[in-house]
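>>> The following comprises the amino acid sequence and a computationally predicted model.
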Amino acid sequence: MTVRVGVLGATGAVGQRCIQLLDGHSEFELAAVTASEDSAGKSYGEAAKWRVDSPIPDAVADLTVRETDPDAVPDDVDLLFSSLPSGVAAEVEPDFAEAGYVLSSNSSNDRLADDVPLVIPEINPDHLELLEVQRDERGWDGAVVKNPNCSTITMVPTLAALDQFGLERVHVSTLQAVSGAGYSGVSSMEILDNVIPHIGGEEEKMETESKKLLGEFDGAELARHDAEVSASCNRVPTIDGHLENVWAETERDVTEADVEDAFRGVESLDLPRSPDQLIEVFEDPSRPQPRLDRTLGGGMAIAAGGVQATPAGIQYNCLAHNTIRGAAGAAILNGELLDRDGWL
């Protein structure tokens, strides 16, 4: 059965990527797009300054942009993908959920709320059960599910693989692509021939979201993982693909082969946007690289390599496409999980 879906904030960078990934989707039919009041009433092709690396889908170009308001979205839309700025999302997402819509949201607001599932489908699908708590506490007929920050989602699948050895402490240094800041987020004069060793709020997101994602849900509340996580986040002059250098300390001594086997053993899911292999492991210590490896698995795989046993623990590098696996693709995958598990 086809699920009718909509995209909130459809003219922005993540909204455009959502529309690209929904084109030709086997289960989802794009039926509504929303944006600001300035864009409402225009055709999507007219309102969106299309910047994605494929042509705008013809059927979407002719859609009329609606206001981002529950009253403006058709009642027969079953699922909404939210790519709104967090300030706007904080105001309007509860209105949509109260009106009965289910939202799979990339927006950063409420990711750490106790009753909002923060989900990577291959890692913690059971956290969707928090929706029962959310609906009871908030009185919503609809629901809100979040995917994590683009840098967090790159690292956490690898940490989940290592948790079988008793994950205790994590240090990560990121090299994050400029697309993570949005089209106008970093000027060329700032980033060309340069690295910016600070991204506002990014370190805190990695340190807190990872502990929630790795936590355990007992049917009533979520207990966050007790591993210590510290992050240093850097903006570098690549277009797409966040590369991260990770040092992980575990309770048990592990070999490089143990780590690589653990990475390969993380199972993917049978969902339309799932990659065949979630974590692709490279033996070549010079990989992964953003330009070569960001589109593995259609941009939905995590690449890992450079695994070494060091006095500071296991060191390795990991990489993901930040606007696909790290944003739009993550929201769509969560939507597929919501559909599969009967939450729509």
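On my side now, so go ahead.

>>> what about the residue nearest to Ser82 when sequence neighbours are not counted, how many neighbours?
Closest residue to Ser82 apart from its sequence neighbours, by CB to CB, 6 or more residues apart in numbering: Ser105 at 3.8 Å. Using the backbone N, CA and C atoms, a C-beta is placed for each residue, glycine as well. When neighbours are defined as other CB atoms under 10 Å, Ser105 has 27 of them.

>>> In the sheet, which residues pair with Ser105? Tell me.
Counting by DSSP bridges, Ser105 forms beta bridges with Ser82, Lys146.

>>> and it, how far is that from Gly180?
Separation of Ser105 from Gly180 (CB to CB, to the nearest Å): 17 Å.

>>> what do you get for Ile120?
Distance, Ile120 to Gly180, by CB to CB: 17 Å.

>>> likewise Asn106?
12 Å.

>>> Repeat that for Pro70.
30 Å.

>>> more crowded one of the two?
Using other CB under 10 Å, the more surrounded residue of Pro70 and Gly180 is Gly180, with 25 against 17.

>>> Let me see the contact set for the more buried one.
For Gly180, the contact set (CB atoms under 8 Å, 6 or more residues apart in numbering) comprises Cys150, Ser151, Ile199, Arg235, His242, Asn322, Thr323, Gly326.

>>> Got phi/psi on it?
For Gly180, the backbone dihedrals are phi -70, psi -20 (criterion: degrees, to the nearest 10).

>>> Repeat that for Val170.
Per degrees, to the nearest 10, the backbone of Val170 is at phi -140, psi 130.

>>> On the strand side of things, show who it bridges to.
Here Val170, judged by DSSP bridges, has bridge partners Val229, Ala248.

>>> Mind pulling up the pLDDT for it?
Per-residue confidence (pLDDT) for Val170: 98.

>>> you'd agree it is up against Ser210?
Yes - the criterion here is CB atoms under 8 Å, and Val170 meets it with Ser210 at 7.4 Å.

>>> joint contacts of those two?
Contacts common to Val170 and Ser210, judged by CB under 8 Å, 6+ apart, are Met155, Leu159, Ala227, Val229.

>>> Check those residues and tell me the two furthest apart.
The largest separation in the shared contacts of Val170 and Ser210, counting by CB to CB, is between Met155 and Ala227 at 11.8 Å.

>>> And those two? Which one has more around it.
Legend: neighbour count by other CB under 10 Å for Met155 and Ala227, higher for Met155 (28 against 19).

>>> Are we agreed that the more buried one is in a strand?
No - per DSSP: H, G, I helix; E, B strand; the rest coil, Met155 lies outside any strand segment and is helix.

>>> what's the distance between it and Gln308?
Met155 sits 17 Å away from Gln308, going by CB to CB.

>>> And the strands in the stretch 51-200 of the chain, which stretches?
For the stretch 51-200 of the chain, the strands defined by DSSP state E, counting those that start in this stretch occupy 65-67, 79-82, 102-105, 143-146, 167-176.

>>> okay, the ones you listed in TSV with distance to Ala59 next?
TSV is the format used below for the strands of the stretch 51-200 of the chain (distance: least, CB to CB, whole Å):
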stretch	distance to Ala59
strand 65-67	14
strand 79-82	17
strand 102-105	21
strand 143-146	26
strand 167-176	33
